[in-house]
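Student: from the sequence below, what's the structure:
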Amino acid sequence: MIKNAPAPNKEAVPVVSDRLPSPFSSLSQDLPAGLVVFLVALPLCLGISLASGAPLLSGVIAGIVGGVVVSWLSGSALSVSGPAAGLTAIIVAGIATLGSFEAMLAATVMAGILQVGLGIARAGIIGLYFPTSVIRGMLAAIGLILILKQIPHFLGVDADYFEDLTFTQLDGFNTFSEIGNALQNIQPGPATVGFVALGLLLFWDKVLSKRVKVAKLVPGALVVVVVAILLNEAFRGMAPGLLIGSEHLVSLPPINSLQDAAGLITTPDWTAFSRPETYTVAFTIAIVASLETLLSVEAVDKLDPHKRNTPTNREMMAQGAGNMISGLLGGLPMTAVIVRSSANINAGAQTRMSAFFHGLLLLVSLLFLAPLLNRIPLSALAAILLVIGYKLTNPTLYRTQWKLGLQQFLPFIITIVAIMFTDLLKGVVMGLVVGVFYILKANYDSAYFRSEPGQAADGPIVLRLAEQVSFLNKASIMRALEELPHDTRVVVDGSDSVHIDYDVLEAIENFRRGAPERGIEVELRNIPQVEVMGH
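Tutor: Just a heads-up that it's a prediction; the model follows:
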């Protein structure tokens with residue numbers, strides 16, 4: 001008789017182990033980190049708006065909601081939410097399908113409602129099934145892509161600035177041809193600022209911050225941005241030929257009052273709910289945004305120095321609430337985003353206060369600081385992202401994965417290659433396929449333990465089944481039974497099994513019925529007989 005399996009634990013999803021008692025307990029670390037994330041997020045929010053064919057402010061609105069609202073609703077201490085490059089193609093297609101950005105906003109609100117429903121239905125547990133090797137591969141791939149994608153901006157050639165994670169770009173180039181074009185058309189001004197920024201950032205982080213106490217309190221990224229602005233202003237008077245043009249500077253729309261800001265906000269077209277295609281677009285956004293969020297928070301948890309676990313169902317509901325609010329205010333759909341989250345962690349963030357502060361800075365910058373921020377060279381921001389990218393794809397990570405064996409290295413490296421040449425979700429799926437192959441192989445090899453007769457020549461061959469025997473084990477068990485020699489005795493023992501799948505029971509029963517033709521005597525121990533087709 002098969003033993004009954006224990007009831008599943010309904011609270012299997014991990015909860016946050018918040019070792020830092022209050023988000024106000026580490027402001028000296030969180031506020032500088034929030035500033036760094038803001039500097040990285042601002043041009044990305046603007047660029048993703050442009051790439052999506054949406055109003056320029058829509059990406060900034062999504063970033064503000066992600067920082068000010070989602071950071072408090074989420075159970076993650078370190079993830080940062082905002083508009084994601086992975087959704088740009090869906091947004092472009094959605095606007096084309098629905099006919100207007102206002103209708104797209106209605107679909108965004110509906111997507112948020114669907115995400116809240118997924119969280120209530122506890123669908124966030126899906127995030128627990130991504131293998132570590134695939135998550136590490138995703139992080140390493142994003143690091144490589146950051147480096148490769150920022151080189152053209154670093155050299156002052158590519159003005160299309162946003163976190164485009166796909167190999168083929170909207171401007172007709174791909175990742176490598178863009179770099180080749182940049183190397184042939186280096187712009188002296190942006191390149192000079194980029195190299196100065198990169199050298200200063202490395203010197204600040206590797207030398208000064210370790211030797212000078214004051215340097216520890218000031219983020220290197222802030223110093224880099226200030227120096228880059230001053231250097232470009234110096235070009236204006238001393239070397240006009242090196243002056244960086246506006247296309248290679250941060251670009252915020254001019255807002256002189258709250259009335260100006262209100263006038264730029266787009267509201268949803270609620271009549272879109274009467275069309276079936278609105279729900280199709282909303283469902284697509286909800287699924288893709290949820291998967292990207294689950295991948296991101298899983299990666300963030302692995303990078304978190306305190307090893308806290310994000311409650312994934314709560315995260316789904318937080319992202320859903322964020323998308324509802326963002327859509328209502330005229331913002332793009334959002335997800336938890338790994339690039340900004342990585343920047344947050346690398347800048348020394350400790351609690352959710354850093355993500356909240358980055359959202360406040362986005363809001364303040366939109367209302368009051370546009371003239372100053374519009375002087376920041378994009379090549380300086382590219383230097384910051386180059387350093388972040390290197391930390392994500394550090395060579396030590398590759399050596400570690402190699403030492404763990406092929407079952408860890410192959411999913412890791414295939415995930416990297418696939419993400420680089422396709423996109424984030426497709427690459428992760430390919431990595432998962434390879435990971436599942438090794439899971440199947442492990443199940444194939446561990447379904448049973450076989451013991452031979454030993455000294456007693458007339459003793460039986462014993463096949464002792466494992467504790468959990470699923471349909472994945474059927475092939476290996478059938479092979480073992482087929483390879484048994486004729487005219488022998490065999491015992492199939494399920495005494496240690498908690499669960500035996502019906503497919504396996506059927507295979508054993510078919511073997512038992514055909515065994516006499518091979519002269520095999522079969523004894524089944526704690527293996528129930530089942531009805532099989534044809535009998």
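
Student: tell me how far the strand or helix carrying P411 is from the chain's mean position?
Tutor: Assessed by DSSP states H and E, P411 sits inside helix 406-421. Computed by CA atoms, centre = their mean, to the nearest Å, the separation of helix 406-421 from the middle of its chain amounts to 15 Å.

Student: buried sites along the helix or strand just after that helix?
Tutor: For helix 406-421, the following helix or strand on the C-terminal side (DSSP H and E) is helix 424-445. When neighbours are counted by 16 or more other CB atoms under 10 Å, the buried residues of helix 424-445 are found to be 424-425, 427-428, 430-432, 434-435, 438, 443. In this view, the C-beta of every residue, glycine as well, is placed from N, C-alpha and C.

Student: distance of I265 relative to S326?
Tutor: 11 Å (CB to CB, to the nearest Å).

Student: please enumerate the shared neighbours of those two.
Tutor: Residues touching both I265 and S326 (CB atoms under 8 Å, 6 or more residues apart in numbering): I61.

Student: got a list of what the residue positioned nearest the centre of the chain touches?
Tutor: In the chain, the centroid-proximal residue (CA atoms, centre = their mean) is S296; its distance is 3.0 Å. Applying CB under 8 Å, 6+ apart to S296 gives the contacts 79, 335-338, 341.

Student: do that again at 10 Å, thanks
Tutor: 76, 79-81, 84, 86, 127, 135, 138-139, 142, 310, 315, 335-342, 424 (CB atoms under 10 Å, 6 or more residues apart in numbering).

Student: just P43 next, same as before
Tutor: Here P43 is in contact with 59, 153, 161-163, 249-252, 373, 376, 378, 381-382, 385 (CB under 10 Å, 6+ apart).

Student: that one: which element?
Tutor: Short version, using DSSP H and E: P43 is in helix 27-52.

Student: list the buried residues for that helix?
Tutor: Those would be 27, 29-52, for helix 27-52 by 16+ other CB under 10 Å.

Student: that helix - what's its average pLDDT?
Tutor: Mean pLDDT, helix 27-52: 85.

Student: just after it, pick out the following helix or strand.
Tutor: Next element after helix 27-52 (DSSP H and E): helix 56-65.

Student: for that following helix, name the packing helices and strands.
Tutor: For helix 56-65, the elements it packs on are helix 27-52, strand 80-82, helix 101-120, helix 258-264, helix 312-329, helix 353-364, judged by 3 or more CB pairs under 10 Å, 6 or more residues apart in numbering; DSSP states H and E.

Student: packing partners for the helix or strand following it?
Tutor: Following helix 56-65 in sequence order, the next helix or strand is helix 71-73 (DSSP H and E). Under the contact definition 3+ CB pairs under 10 Å, 6+ apart, helix 71-73 sits against strand 80-82, helix 312-329, helix 353-364.

Student: pick the most buried one from these.
Tutor: Highest mean neighbour count of the helices and strands packed on helix 71-73: strand 80-82, a mean of 34 (counted as mean count of other CB atoms under 10 Å).

Student: what about S246, neighbour count?
Tutor: 10 (other CB atoms under 10 Å).

Student: ignore what I typed, I meant Q529.
Tutor: Each residue near Q529 was counted by other CB under 10 Å, and the total is 11.

Student: now swap in I61 and tell me
Tutor: If you count neighbours by other CB under 10 Å, I61 ends up with 30.

Student: helix, strand or coil for the closest residue to it other than its chain neighbours?
Tutor: Nearest residue to I61, sequence neighbours excluded (CB to CB, 6 or more residues apart in numbering): G331, at 3.4 Å. Applying DSSP: H, G, I helix; E, B strand; the rest coil to G331 yields a three-state assignment of coil.
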